[in-house]
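Asks: here is a sequence together with a model predicted from it:
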Amino acid sequence: MNWKEISEQYPKAFRLLYRGLMYSGWDADESDEVIDEDLVYTGLSIHDLFEQEYLVAHEDSPWNWRNLYDFFDGKGIYVEVFNHKDYIKFGYSIRYHISGITWGGDAAIMLFDTRVEAEEAAFVKTFEILEAHL
């Protein structure tokens, strides 16, 4: 995932992810205060703070896609990555229920060679969907 690009294109959604990964269980206002203080104190962008505080801390383990599935499930956005039955390719579909709006799905038009490529494309789309509803 290109976290820098995601943080720049979808700043509100990225901030929610950062808060969820770093401050799960905290009150939202309290965790936002801490994030704002960290950003001012360090002079870092939220992307750099994410890299320093989360990715580096977990550098010995590979990125766990489960984190994103759980995060977006909690926001009412559901991702399914599937193997296309007629090809040795992968695709995705997204369904969501946000703020009383239910949407049946955004299926990948193109197919991907690997599951990881399909997951990355799907999660970029979920960031876009979440950002539009914040």
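Replies: Thanks, I have the structure now.

Asks: neighbours of T126, how many?
Replies: Other residues within reach of T126, judged by other C-beta atoms under 10 Å, total 24. Quick note: C-beta positions are derived from backbone N, CA and C, even for glycine.

Asks: and what about it, helix, strand or coil?
Replies: Secondary structure, DSSP: H, G, I helix; E, B strand; the rest coil: T126 is helix.

Asks: residue contacts, the nearest residue to Y96 once chain neighbours are set aside?
Replies: Residue nearest to Y96 in three dimensions, not counting chain neighbours: I77, with 4.3 Å by C-beta to C-beta, 6 or more residues apart in numbering. The contact partners of I77, by C-beta atoms under 8 Å, 6 or more residues apart in numbering, come to I94, R95, Y96, I98, T126, I129, L130.

Asks: cutoff 10 Å now
Replies: Counting by C-beta atoms under 10 Å, 6 or more residues apart in numbering, I77 makes contact with 13, 69, 71, 94-98, 103, 122-123, 125-127, 129-130, 133.

Asks: kindly report the same for I46.
Replies: I46 makes contacts with 3, 7-8, 11, 14-15, 17-19, 35-36, 38-39, as judged by C-beta under 10 Å, 6+ apart.

Asks: how much space separates it from E8?
Replies: Using C-beta to C-beta, to the nearest Å, I46 is found at 10 Å from E8.

Asks: and what of M22?
Replies: Distance, M22 to E8, by C-beta to C-beta: 19 Å.

Asks: quick revisit: of the contacts of I77, which belong to helices?
Replies: Among the contacts of I77, the members falling in helices (DSSP state H) are A13, Y69, F71, A122, F123, K125, T126, F127, I129, L130.

Asks: any common contacting residues for I46 and E8?
Replies: Common neighbours of I46 and E8 are listed as F14 (criterion: C-beta under 10 Å, 6+ apart).

Asks: what's around V81, how many residues?
Replies: In terms of burial, V81 registers 21 neighbours under the definition other C-beta under 10 Å.
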